[in-house]
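**Q** Coordinates only, no sequence provided:
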């Protein structure tokens, strides 16, 4: 599309169009700290560079460059290792037809990467946050967009107060799910938006920040509250009767871009909504393109981000042995129609405001929080029951491997005992920083 032509509504719908014959696959993104084994401090860029070079060699991958800087490695099938803004490393799996296959892929790839890191005196640290560093310790990677984003968040004041922490300290384990039609997208989106705060209570795992107990079970969730709330949090429009893709487009188009790609380089975008830029241009004689719209959709971070897939973003990452639990839970709830409809009915009375309040409560209290009038533990127990039933139905239909069922065991234990991953993290921390580093590092595969 010409840069001087305005985007049509049809162009804005394009990222959400479903390819013919799409099946329901599962993708995982696991973001881990790349830290020094002796101190837990983030690796320097030269250390990250050497690590990525060995990743290229080990996996016969393709270097991903940002100007002259190595910032990632592309692998066969669409998988990738990428250096995140604050020096963490993310492994993104290709889509797999089953949760079990996706988990096996991530376990193998990150296990091998842990061995490579160890050869450089580094470790891959799991969990919801890197607890050894304060914002002043963050080693920012050399991507051009990093400073643009930091400048943007400083400019919006208090609403961007925790931008450095979000960009530089937090870790995650995210699940991506497919939708097969517009109606299927909205049915799944309603469920995932409603269930996210409850599921997050099962995974709280970031109670320590800057080498101090925070008094919260998920400091990571608290950080997200001050990371431009306009583009984060609960997608309230998805809960309205009759909501559809047009509402999703309106929400995203009402927000400004943070950065654009111009002549191969990221530059700051003007402080106008994407809708305004579509109608009036960027102020430099150009208008948004379809590539700008795709890039803009990557600059919003709600609990459930919709692009070509549905990305589950709210929950902390659990300890390494249990990283697949979230994918099993979400696939069981969303991919089995009976489980999905039952879960939507269970949560139907919850408003966007109640879900938002629940996020603040869950960050501090975990399963002892409330969501609307209900104890979170009770709702979580029922969602787990439905997720297991949904997974079992998929196993019986030949759509999932039987071993996926065991992935739910750790979070079912958390729900019944109220002993959260955050409690285990605090116990490890109290035993000493080296004990914590050992307990939360990925063992070499």
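**A** Arrived safely, thanks for sending. On a predicted model such as this, the values are computed, not experimentally measured, just so you know.

**Q** any idea how far residue 320 is from residue 52?
**A** 21 Å (CB to CB, to the nearest Å). (Glycine included, C-beta is placed from N, CA and C.)

**Q** What pLDDT is listed against the residue nearest the centre of the chain?
**A** By CA atoms, centre = their mean, the chain has its centre lying nearest to residue 313, at 3.6 Å. At residue 313, the model reports a pLDDT of 98.

**Q** give me every residue that touches it.
**A** 172, 174, 301, 302, 303, 304, 305 (CB atoms under 8 Å, 6 or more residues apart in numbering).

**Q** ok, so of those residues, who is nearest residue 8?
**A** Ranked by distance to residue 8 (CB to CB), those are led by residue 305 at 23.5 Å.

**Q** nearest spatial neighbour of that closest one, skipping sequence neighbours?
**A** residue 311 (4.3 Å; CB to CB, 6 or more residues apart in numbering).

**Q** Show me what that neighbour is bridged to.
**A** residue 176, residue 305 (DSSP bridges).

**Q** So it is in contact with residue 304, correct?
**A** Yes - if you go by CB atoms under 8 Å, residue 311 and residue 304 touch, sitting 6.9 Å apart.

**Q** who touches both of these two?
**A** Counting by CB under 8 Å, 6+ apart, residue 311 and residue 304 have no contacts in common.

**Q** Give the buried residues for stretch 423-440.
**A** For stretch 423-440, burial by neighbour count (16 or more other CB atoms under 10 Å) applies to 423, 424, 425, 426, 428, 429, 436, 437, 439, 440.

**Q** Equivalent analysis for stretch 107-124, please.
**A** Using 16+ other CB under 10 Å as the test for burial, stretch 107-124 gives 107, 109-110, 113-118, 120, 122-124.

**Q** Of the residues you listed, which pair is most distant in space?
**A** Farthest-apart pair in these is 107 and 120; separation 21.0 Å (CB to CB).

**Q** Tell me where the stretch 151-300 of the chain has strands.
**A** 172-177, 208-209, 212-213, 232-233, 259-262, 265-268 (DSSP state E, counting those that start in this stretch).

**Q** what does the stretch 301-445 of the chain give?
**A** Applying DSSP E, counting those that start in this stretch to the stretch 301-445 of the chain gives strands spanning 301-302, 304-306, 310-312, 370-371, 374-375.

**Q** With mean neighbour count and distance to residue 252 as extra columns, can I get these in JSON lines?
**A** Converted to JSON lines, the strands of the stretch 301-445 of the chain look like this (neighbours: other CB atoms under 10 Å; distance: least, CB to CB, whole Å):
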{"stretch": "strand 301-302", "mean neighbour count": "18", "distance to residue 252": "10"}
{"stretch": "strand 304-306", "mean neighbour count": "22", "distance to residue 252": "9"}
{"stretch": "strand 310-312", "mean neighbour count": "22", "distance to residue 252": "14"}
{"stretch": "strand 370-371", "mean neighbour count": "20", "distance to residue 252": "26"}
{"stretch": "strand 374-375", "mean neighbour count": "16", "distance to residue 252": "31"}
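
**Q** where do the helices sit along the stretch 51-200 of the chain?
**A** In the stretch 51-200 of the chain, the helices defined using DSSP state H, counting those that start in this stretch lie at 99-119, 144-155, 163-168, 182-203.

**Q** Could I get the buried residue list for stretch 223-236?
**A** Those would be 223, 224, 225, 226, 227, 228, 231, 232, 233, 234, 235, 236, for stretch 223-236 by 16+ other CB under 10 Å.

**Q** now the longest strand seen in the chain: how far from the chain's centre is it?
**A** Secondary structure of the chain read by DSSP state E shows that its longest strand is strand 26-36. Here strand 26-36 is found 10 Å from its chain centre; the criterion is CA atoms, centre = their mean, to the nearest Å.

**Q** Rounded mean pLDDT for that strand, please.
**A** 98.

**Q** just checking, what packs against that strand?
**A** With contacts defined as 3 or more CB pairs under 8 Å, 6 or more residues apart in numbering; DSSP states H and E, strand 26-36 has these neighbours: helix 45-59, strand 89-92, helix 99-119, strand 122-125, strand 172-177, helix 325-334.

**Q** let's see 6 Å
**A** Counting by 3 or more CB pairs under 6 Å, 6 or more residues apart in numbering; DSSP states H and E, the packing neighbours recorded for strand 26-36 are strand 89-92, helix 99-119, strand 122-125, strand 172-177, helix 325-334.

**Q** Kind regards, and thank you for your time.
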